[in-house]
Structure formats: C-alpha cells, structure tokens
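In: Fold the following.
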Amino acid sequence: MKIYKISALILSLFFVFVACETEESLEITTPKATFRLLDPAISNINLNYNFPDNEAFSIVWNDQLTDGSGGYMVELSPDPLFESPMVIGTSTTDRFSMTVAEFNNTVLNAGADAFEPFAVFMRVTSGSEISNSVSFSVSSYSEAPPMILTPDSTFELILLETTPNDEAINITWEDPDFGDNSSVDVVYEVQFVENGGDFASAVSESVEGTSYSKTHEEFNEVVLNAGLAAEEAGALDFRIKATIEMEGGNMERFSQATTITVTPYSVELAPVLYVVGAGAADAGWSWDTPIELPLQGTKYSGNINLVNDAFRFFEINGDWGSGLNYPYYQSVGYTIDSNLVNAMDGDSNFQFVGTPGEYFIEVDTDAKTITLGPPVVGPNCNFDQLWLVGAAIVDAGWSWDTPVALPCTGNGTYSGNVEFTNDAFRFFSVNNDWGSGTNYPTYEGNGYTIDSNFVNAMDGDSNFQFVGTPGTYFLTVDDIAKTITLGPEQLQCEYEQLWLVGAGVVDAGWSWDTPVALPCTGAGVYSGDVALTNDAFRFFTINSDWASGINYPTYEGNGYTIDSDLTNAMDGDSNFFFNGTPGTYTVTVDTGNLTITVE
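Out: Below is the predicted model of the structure:
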C-alpha cells in the first residue's frame, strides 16, 4: 500500500513539472482590428425608372478601428484607384443605401451613358481610416430631356411657294444622357402646335437621328396643319419628344418648347381662274369680259380663243395683284404647253405662239401641267361620267356587271336619276376599276357639301351610306360648286332612248333586228357607246318605226352644233355619215345645249 502512495506522489510531481514547462512555451495572440466592407449580395444593378423610390442597393461594413462617433462617408469612383472619388452620402451606422432615383442620378453624374452597363467602385471612410472597396455594374436610365440647339426664339421664316424644294428649316437637338456609341433605340418626334395650343393635339413628325429638315413645300403643310393661318405671320411652338420602348412601359421625355415665327402660304385653290390679256381675244387687257376657267376637283379648264399676244392668269376677278405669270408656274414645277412661252414683256406674262384659234385650256394643279387641246363641244367635266357601284344602287350592286353611269351634264356637273336603297355605295371615275373609287371622307375633305341623305358608312372603306327613304332620286355631283345633292326624280328626256340604225352603226345595220339604243342619261341628254364605221345612219325616236327618223338637216335646221366627224350623207335621205376613224365612241345628243358629239 505504501508503494502505491509513493508512486502516486512521484506521478503527480511529474505532471506539475510538465504543465509548468508547457505554460512557459505557449504564446496566445489577438486578431488585428479591421475596417472592412462586406461583399454585397448582388454585383449587377438594373435601375428601373418605374420604381424610383425602391432601394437600389445596400452596403454593410465592420469597423473595428474606430468607435464610429465621427460618422462615415461613402465614396464612389468610376475607377478602382479612386483617383477622383465623389462623396455620395454619409452614415452614422454600419450600413448605407440609396433609392433607385438617387443612385441613377449619381451614376449619370459619374459619367455613365443611360441604359449602358457602367462599373462603379464604392468604399467607406471614417476620419483617416479607409475601408476596402466593392464594385457594381450599373445600368441607369435617362433623366435629362432632349435639348434644342437650333433654331432659337429669334427665328423668323416666310415660306415661299416659288421655292418649293429649297430647305426652309433645320431643327437640331442633343440628348445629354446618351453617348455617341449608345446601343439604345430612341424614337424622336418633332411636335408642332400653334403658340399656346395643347401639344396633345400637335402635328408630330417622326425623325431618325437628332435633326429635322423640311423644304418650303413640306413645312408649309406642317405649319398649316398645326393651325397657323395662310399669308399671316404666326407664332409656332415646337418641342422634341423622345421615346424608348420598354417591356415595363414606354419611357417618354420632352424638351422645353421653343417658339418661332412662320408665315405659311395658301394652298387653297381659288374657285375660278381668270384669263386677261390681248392674247385672249375675247378678254383683252380689261376686267369687263375676263375668260373664266372654273375649278373642277384640281383642274381649271375651259375653251379660250387665243391669238399671238400676251395674257396672264388671275385668282381674283378685278384684282391685278392676284396675277400668276409664266415664271410663277415655272418655279413651282409646272410643265407648260410648247405653244405658251414667257412673253419677256416686263411682267413675264404668257405669250401664245401657236396657230390662232379656239383651244381647250387646262391647268392641272395636281399633275402640275398647263395644256392646250381642241375645243370641247358641250358639257365639260374631268370625266365623261362617274360610275356608281354598291348595294345601295339597286340597279348595280357590288359588281361591275351593271354599274350605273352618272353622265357629265354641264360644266363640272354629273347628274341623273338613280334608284337607292338603304345600304352603301361608292363613286368611281373609271369603269371596272376599283382603284378609281372616291369615298365619303374624300369628298368631305375636299370641301363638298353633301346631302343629309348620305352619311359615312363607317364600313372600313368609308363608303357612302344612303339613309333616306328608298326610291328613285335625281342625283347631282357638282365639282365646281362642290355639292352632292338629291332631288325629286326628273322626267329627263322626251323619250327613254333614241335608236340608231344604219350601215354606219356596226352593231345595227339597216335593220330593226339589232338597233343600238342611246339611253336618256340626263336632262335632255342621250348618251352611250356606239361602234361606228365610215357609212350612213339615222336617229329614230321609236323602235321599228322608220317614220320616226331624224336626219342631218333636221338637227342642223334646229340649231344643233354637230361634231365634225359627222356630215350630211347626201344620200337621198340626208342621213348622217361618219367620216372619222372607225372605232367605238361615246355619242351624245344634248337637246338642251343643242349639240351632237362623238368622243
């Protein structure tokens, strides 16, 4: 037992000795204090302008070097060396955050281009202590609106009809938040409105790039559409609209408006063009008997007796200042008949250099031509007839099998009886050509007063809709007065049709088997297509009745002016003889104007 106690004592002394030796060799160290930004949870930030008050980012740090009593400053730099850092905020705690709007403005001020990835570095300072840095890739959005560079509010412009293709205005602007190499598609519009007007109803012109240029002719249309009055200096406001199409909704920015002064010219056509001058034999240099050329659609036309002298066109009767001379038409791009030249007489009038005589003169303001042709006998219209097709036209329907013709019955006037029902229809200028149709808004837009029995069908094609009591009406389209009217059905002619029989009428011959009908198409007017050859024929008022015939001398004796292609056959019955080029012609017998024409 004593042996065990002695052994235990010796073992205890050994452990005490070893323990003391170990304590002398063990060195205990404390970690070094740091001031460190913790790694952020995200490194890519896409700023969304739809949520400006949301938190854009948050950074957190651990400060073991200071007690934080001096506060912290947060710095941002576009480079990792912080050569030119900017202080973006302060904190009295161990964290810092910014809203989307705040951070967007900060990033743009640091040099970022809107919508382009931009690297930023952040760090925190407290006194002389500086933390490590963290970085983000940030895509910002644009805040600054476009800025107009030219023109400014001192700009004054007089638009000239005589220089239609010259540049009238050049508007330039810059978009500050976008760099030259920006990959963002920005859609720009220049918006125009009369000074003080609402830009919500402005005239908008789409533009590629950051400049807008228009000629006198182009800008004149814009200015008139914006509300300025022709021939008057007016104040015009304009601004730039910039749109970026985004999935979350389009982003729109607007420049400040700039006000300029513009005088547009009138594009409204005068209802009549007057011809005065010694070259117009029936007028002379006097306002007593000017030659009148009424407007039909976009054309002025009429017969005129010309001699080799000078004349001029005028827009206002009795007003010498409203004259339009040869250089005027030349400057606005007209092609002028070779028989008309510049008189070089000081006023640069027109000079007629052709063979004196009667001509049909036409001034086409759409095609920009002035032409001379043979005189027109009888009614003068832009077309021989208009055609009516549609479900509202009982005898037609939506087919070209039986279109209803509305013949020219006077200067610029088409008229005739038409049976209507409550449905849609349209006017056409060319038979069997859908592309020649003219709908309700076209007539309305050209200033026509339209009978209340017609409305816009609102059927996709904006046809005419007849809304009156179904029945037969006398329809008149007047291209000079610009009216479309309905009246009671008229007994138009003494007979429903005239009949043509004779060897000169190809489809008839001297037989009653296949006489050719010339139907009544207007008040006292019989008209239709007839195939003619060089032989004799006669008009008849009753089918199969030889005694109802009317020969050449009868019409001549009643004062009719007869087409030069028709002569007295001198064949015993004094029939008509066709001496023109064989073919199909429109033959018209006008018992009101006493004319027989072949066209």
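
In: And the helices in this structure?
Out: 2-25, 100-109, 216-225, 326-331, 440-445, 552-557 (DSSP state H).

In: what's next to the fourth one, contact-wise?
Out: Spelled out, that is helix 326-331. T162, T163, I336, L340, V341, N342, A343, S348, N349, F350, Q351, I370 (C-beta atoms under 8 Å, 6 or more residues apart in numbering). Any C-beta I mention is one placed from the backbone N, CA and C, and that applies to glycine too.

In: R312: which of those residues is nearest?
Out: Distance to R312, by C-beta to C-beta, is smallest for N349 among the contacts of helix 326-331, at 4.7 Å.

In: from memory the closest one sits against A278, does it?
Out: No. N349 is beyond contact range of A278, at 9.4 Å (criterion: C-beta atoms under 8 Å).

In: ok, back up a step: can you tell me which two in the contacts of helix 326-331 are farthest apart?
Out: It's T163 and Q351 that sit farthest apart of these, by C-beta to C-beta, at 24.5 Å.

In: Can you pick out the residue with more neighbours from those two?
Out: Q351 (19 against 14; other C-beta atoms under 10 Å).

In: Surely that one and V341 touch.
Out: Yes. Counting by C-beta under 8 Å, Q351 does reach V341; the two are 5.0 Å apart.

In: on that earlier part again, overlap of the contact sets of N349 and A278?
Out: A310, F311.

In: Among the two, which residue is more densely surrounded?
Out: Neighbour count, other C-beta under 10 Å: between N349 and A278, N349 has more, with 22 against 15.

In: Name whatever forms a beta bridge with V276.
Out: R312 (DSSP bridges).

In: Using neighbour counts, give me the buried entries of the contacts of helix 326-331.
Out: I336, L340, A343, S348, N349, F350, Q351, I370 (16 or more other C-beta atoms under 10 Å).

In: The first one reaches K368, doesn't it?
Out: In other words, I336. No. Using C-beta under 8 Å, I336 is not in contact with K368; the gap is 9.6 Å.

In: how about the nearest residue to T365, chain neighbours excluded?
Out: Of all residues not flanking T365 in the chain, T298 sits nearest, at 4.8 Å (C-beta to C-beta, 6 or more residues apart in numbering).

In: what residues does stretch 101-115 touch?
Out: 45, 47, 49, 52-53, 56-57, 76-78, 86, 88, 98, 118, 120, 138-144, 177-179, 181-184, 244.

In: The residues you listed in strands, which ones?
Out: 45, 56-57, 76-77, 86, 88, 98, 118, 120, 138-139, 244 (DSSP state E).

In: any idea how far the closest residue to G528 other than its chain neighbours is from N431?
Out: In space, and not counting its chain neighbours, G528 is closest to L518: 4.8 Å by C-beta to C-beta, 6+ apart. From L518 across to N431, the span is 18 Å (C-beta to C-beta, to the nearest Å).

In: What sits closest to V207 if chain neighbours are left out?
Out: Closest to V207 by C-beta to C-beta, 6+ apart is Y188, at 4.7 Å.

In: Tell me where the model's unsure across the stretch 401-550 of the chain.
Out: Within the stretch 401-550 of the chain, the segments meeting pLDDT under 70 span 491-492, 522-523.

In: and if you look at the stretch 151-300 of the chain?
Out: 179-182, 248.

In: Which parts of it are strands?
Out: 156-158, 167-174, 187-194, 203-207, 211-215, 234-244, 251-254, 258-263, 272-276, 291-296, 299-306 (DSSP state E, counting those that start in this stretch).

In: Mind listing the strands the shortest one pairs with, and their directions?
Out: In other words, strand 156-158. Here, using DSSP bridges, strand 156-158 pairs with strand 258-263 (parallel).

In: Need the residues that contact the strand it pairs with.
Out: Contacts of strand 258-263 (C-beta under 8 Å, 6+ apart): 148, 151-153, 155-159, 195, 219, 223, 228, 231-239.

In: Using PyMOL, make a named selection holding only the buried ones among these.
Out: Selection of buried members from the contacts of strand 258-263 for PyMOL, criterion 16+ other C-beta under 10 Å:
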select buried, resi 148+151+157+159+219+223+228+234+236+237+238+239
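
In: follow-up on the earlier one: K214: which of the contacts of helix 326-331 is nearest?
Out: Nearest member of the contacts of helix 326-331 to K214, counting by C-beta to C-beta, is T163, at 12.6 Å.

In: what's the distance between the residue lying closest to the closest one once chain neighbours are set aside and T335?
Out: In space, and not counting its chain neighbours, T163 is closest to H216: 5.3 Å by C-beta to C-beta, 6+ apart. Distance of H216 to T335, given as C-beta to C-beta: 20 Å.

In: Which one's more surrounded, those two?
Out: H216 (21 against 13).

In: Who are the contact partners of the more buried one?
Out: H216 neighbours (C-beta under 8 Å, 6+ apart): L159, L160, E161, T163, P164, N165, D166, A168.

In: ok, which pair from those is furthest apart?
Out: L159 and N165 (12.5 Å).

In: need the strands for the stretch 351-500 of the chain, in chain order.
Out: Under DSSP E, counting those that start in this stretch, the stretch 351-500 of the chain gives strands at 357-364, 369-373, 385-389, 404-410, 413-420, 424-428, 437-438, 449-450, 454-456, 464-466, 471-478, 483-488, 497-501.

In: from what I can see F466 touches F454, true?
Out: Yes. Assessed by C-beta under 8 Å, F466 is found in contact with F454 at 6.3 Å.

In: Using JSON lines, please lay out the strands of the stretch 351-500 of the chain together with distance to Y72.
Out: Compiled in JSON lines, the strands of the stretch 351-500 of the chain are given as follows (distance: least, C-beta to C-beta, whole Å):
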{"stretch": "strand 357-364", "distance to Y72": "81"}
{"stretch": "strand 369-373", "distance to Y72": "82"}
{"stretch": "strand 385-389", "distance to Y72": "84"}
{"stretch": "strand 404-410", "distance to Y72": "89"}
{"stretch": "strand 413-420", "distance to Y72": "87"}
{"stretch": "strand 424-428", "distance to Y72": "77"}
{"stretch": "strand 437-438", "distance to Y72": "77"}
{"stretch": "strand 449-450", "distance to Y72": "78"}
{"stretch": "strand 454-456", "distance to Y72": "71"}
{"stretch": "strand 464-466", "distance to Y72": "77"}
{"stretch": "strand 471-478", "distance to Y72": "85"}
{"stretch": "strand 483-488", "distance to Y72": "82"}
{"stretch": "strand 497-501", "distance to Y72": "105"}
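
In: closest to G70 out of these?
Out: Nearest of the strands of the stretch 351-500 of the chain (C-beta to C-beta): strand 454-456, 77.7 Å.
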